[in-house]
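Undergrad: need coordinates for the below:
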Amino acid sequence: MRKSYDGIEYEYIDPTGNITVLVTTLVDIKSQPEIADMIMKMEPTCEQVGFVGFSDKGDIKLRMAAGEFCGNATMSTAALLCDKRGMSEGESKSVSVESSGCKDLVGVNITRNKDSGDMHIYSGQVDMPLPKRIRRCDFTFRGSVYELPVVEFDGISHIIMNESVNILSDMEAEDAVRKWCDDISADALGIMKISSETISVSEDKSNDYNIEINMRPLVYVKEINSLFWENSCASGTTAVGAYYVNQHKGASISLTAHEPGGVLSVFSRNDGHLILSGTVYFPL
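TA: Predicted structure coming up:
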């Protein structure tokens, strides 16, 4: 849905409930946090703001308001380009996105689905950036020490808090994520709270393990002081996938994550790459 305010044009997009605004008016980088703050006050359901423009490396460029990486916004940017250029139902296109928080171009495959009422719908598959490292860290909070796995990407890190260590209330997690972000010197930090998980051996041999989880993502971006219980988190879901691959010593996995806004899926290819799948909705 295209909107405008005070000369700033933007698109309101729904990637698996993680409401994203993409600003299409060219905005100076120094002004982007201020513009993002203005838009988020105007759009109370918006969870994040990105700025799109021309790329001399890929098909389109995306910069998030604080320069972090966001998988859902990357998928939305690719879908936006396809939507503007026009696609037939069932048609697929590959898009390369130059994204903030990522050194390399991000490859996205977009497929046009059947429209639903006043909604254009696209399926997206993103060749997600691989984590720089996965490690366990000791985190302190209110006198207690928690040893938790951290998956680190360029631009954002994620703490995996599965059901065996899901020890913080929501309010405590909101306080902890700010402190822990500083503790590990991260630009942005997520806590992926997993409330249930089922792991089974794959029967069709397409991968080694099928994993199904229920998850609620909490994401804090330091530069713009943004804190949200997001309806879905693509980089966080990918972090969980990378964590499970690491736990199973490089085995291939297929992860289905049930999140408040819908389902995101991750599968690992034989070359180790992690492919994230989701849905992008464009209100007309």
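Undergrad: quickly list the domain ranges of the chain.
TA: Using automatic domain parsing, the domain parsing of the chain gives 2-127, 133-271.
Undergrad: endpoint to endpoint, the first one covers what distance?
TA: Between the opening and closing residues of domain 2-127 we find a distance of 27 Å, counting by CA to CA, to the nearest Å.
Undergrad: likewise stretch 80-98?
TA: Terminal residues of stretch 80-98 are spaced 14 Å apart (CA to CA).
Undergrad: likewise for stretch 85-97?
TA: Stretch 85-97 stretches 15 Å from its first residue to its last (CA to CA).
Undergrad: quick check: buried residues in it?
TA: Residues of stretch 85-97 classed as buried by neighbour count (16 or more other CB atoms under 10 Å): 87, 93, 95-97. Using the backbone N, CA and C atoms, a C-beta is placed for each residue, glycine as well.
Undergrad: possible to save these as CSV with secondary structure and pLDDT?
TA: Shown next, in CSV, are these (DSSP: H, G, I helix; E, B strand; the rest coil; pLDDT from 0 to 100):
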residue, secondary structure, pLDDT
M87, coil, 95
K93, strand, 98
V95, strand, 99
S96, strand, 99
V97, strand, 99
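Undergrad: considering those residues, which is situated nearest to R269?
TA: Using CB to CB, S96 comes nearest to R269 of these, at 17.9 Å.
Undergrad: surely that closest one and K61 touch.
TA: No. Using CB atoms under 8 Å, S96 is not in contact with K61, being 10.2 Å away.
Undergrad: pairing partners for the worst-scoring helix or strand of the chain on mean pLDDT, with directions?
TA: Lowest on mean pLDDT, DSSP states H and E among the helices and strands of the chain sits strand 2-5, with a mean of 88. Under the criterion DSSP bridges, strand 2-5 sits next to strand 8-15 (antiparallel) in its sheet.
Undergrad: show me where pLDDT drops low in this structure?
TA: Across the chain, the stretches falling below the confidence threshold (pLDDT under 70) are 164-166, 205.
Undergrad: residue nearest the centroid of this structure?
TA: Nearest to the mean C-alpha position of the chain, counting by CA atoms, centre = their mean, stands A234 at 2.7 Å.
Undergrad: and that one, how close does it get to G241?
TA: Applying CB to CB, to the nearest Å, the value for A234 to G241 is 11 Å.
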